[in-house]
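Visitor: Predicted model and sequence below, questions to follow.
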Amino acid sequence: AVKLQAGAAEAARLASEAGVLMKERDDLALKLEEEGAARVEERGAKEDLATALAARARELEEGRDRHLEEVKEMDGRRLAALRELDQTQRQAEEARREWEADEKALRAAANAANASPP
């Protein structure tokens, strides 16, 4: 009877330990499940962020490309304006030389007219 009572006590102790271990196992399983869900959620947030960043990078690249095209166009117009200015300056210089030559010829004619006897 004593052995039976000791065996029953030992069985009760082992059952209690088994209950504690099963509770710990269930708690760990739940914790792992929660951490897994958190990791999946975190991974999803990182993927969303990466997608948003990639879209923004594409927008910035497109904006940069448009800006570069505009700069090229403006540079082309600036170069055309500089060529036109250069041509206008050459024409003005040529007109000034012609005017100076005409003025010199007129002075010479006037001097000759004044110098000759009537």
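Guide: Looks like it came in fine. Residues are numbered from 1 along each chain as shown.

Visitor: measure residue 115 to residue 108 for me?
Guide: According to Cβ to Cβ, to the nearest Å, residue 115 stands 10 Å off from residue 108. Where you see a C-beta, it was placed from the backbone N, CA and C, and this is true even at glycine.

Visitor: more crowded one of those two?
Guide: A count of neighbours by other Cβ atoms under 10 Å puts residue 108 above the other of residue 115 and residue 108, at 10 against 7.

Visitor: secondary structure element for the more buried one?
Guide: Using DSSP states H and E, residue 108 sits within helix 2-115.

Visitor: other SSEs contacting that helix?
Guide: Helices and strands touching helix 2-115, by 3 or more Cβ pairs under 8 Å, 6 or more residues apart in numbering; DSSP states H and E: there are none.

Visitor: Count residues in the vicinity of residue 36, would you?
Guide: 10.

Visitor: Same check on the one 5 residues further on?
Guide: Taking other Cβ under 10 Å as the criterion, the count of residues near residue 41 is 10.

Visitor: what does the one 10 residues further on give?
Guide: Other residues near residue 51 number 10, with proximity taken as other Cβ under 10 Å.

Visitor: quick one: it from residue 58, how far?
Guide: Residue 51 sits 11 Å away from residue 58, going by Cβ to Cβ.

Visitor: Many thanks, have a good one.
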